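> sharing a model prediction with you, sequence too.
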Amino acid sequence: MEEEREGKRPDASSTILSRLMNPSDANPLGIVHGGEILKMVDEAGGLAAMRHAGSAVVTVRLDSMTFLEPIYVGNLVIVKAMVNWVGRTSMEVGIRVEAEDPMTGKRVHTNSAYAVYVALDEEGHPRPVPRLIIETEEERRRWEAAEERQRIRLAQAQRRRSGK
């Protein structure tokens with residue numbers, strides 16, 4: 001029988017990172033490298049997962065990410081992350097990336113992603129995470145969508161293991 005796990009609200013894990021994009025972050029056209037954005041996405045997602053779990057975490061999966069708009073040198077990149085769903089040892093974190101022109105304040109949504117993290121104990125083994133306390137319709141909608149994505153991930157993993 002699983003032990004009773006204390007719970008946390010999604011906003012307890014909410015994390016926002018921001019960073020000004022410099023020429024060293026970009027290609028010769030002044031467009032920021034996707035790898036720079038992926039790194040920020042994983043950092044923000046990992047921090048949200050750590051805040052929820054209260055422990056170290058490892059990235060298990062980063063779902064596909066489409067770059068909707070370019071990010072340019074001089075843009076302030078804002079990455080927002082929050083836990084959407086938890087299993088026993090794993091968590092899905094929703095991550096949204098925006099680029100802001102700091103002189104005008106105009107923001108554009110550039111990417112979104114979902115990442116899965118597993119909490120680790122001191123020996124590096126998976127450990128249980130607090131349950132997620134859902135109180136609003138928006139939180140319920142995010143939980144249900146994440147639960148469906150997790151079902152798809154598990155089915156894909158099963159197909160890979162069985163060689164189909």
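Perfect, I can see it now. Please read all numbers here as calculations on a predicted model, not as lab measurements.

> got a list of what Val129 touches?
Under the criterion of C-beta atoms under 8 Å, 6 or more residues apart in numbering, the contact list for Val129 reads Arg5, His52, Ala53, Val86, Gly87, Arg88, Thr89, Ser90, Met91, Ala119. The C-beta positions use only the backbone N, C-alpha and C, and glycine is treated the same way.

> quick one, phi psi at it?
Note on Val129: backbone dihedrals following degrees, to the nearest 10 are phi -110, psi 160.

> and the pLDDT for it?
Looking at Val129, its pLDDT reads 97.

> do Arg151 as well
With respect to pLDDT, Arg151 scores 93.

> so how far is the stretch of helix or strand it belongs to off the chain centroid?
Taking DSSP states H and E as the criterion, Arg151 maps to helix 137-162. Relative to the chain's own centre, helix 137-162 is displaced by 15 Å; criterion: C-alpha atoms, centre = their mean, to the nearest Å.

> returning to that earlier point: so which of the contacts of Val129 would you say is closest to Arg153?
Proximity of these to Arg153 was ranked by C-beta to C-beta; the top entry is Ser90 with 9.7 Å.

> residues near that closest one, how many?
The number of residues packed near Ser90 is 20, by other C-beta atoms under 10 Å.

> need the contact list for the nearest residue to it once chain neighbours are set aside.
The shortest distance from Ser90 to any residue that is not its chain neighbour, by C-beta to C-beta, 6 or more residues apart in numbering, is 5.0 Å, and that residue is Val118. With contacts defined as C-beta under 8 Å, 6+ apart, the neighbours of Val118 are Val57, Val58, Val60, Thr89, Ser90, Met91, Pro126.
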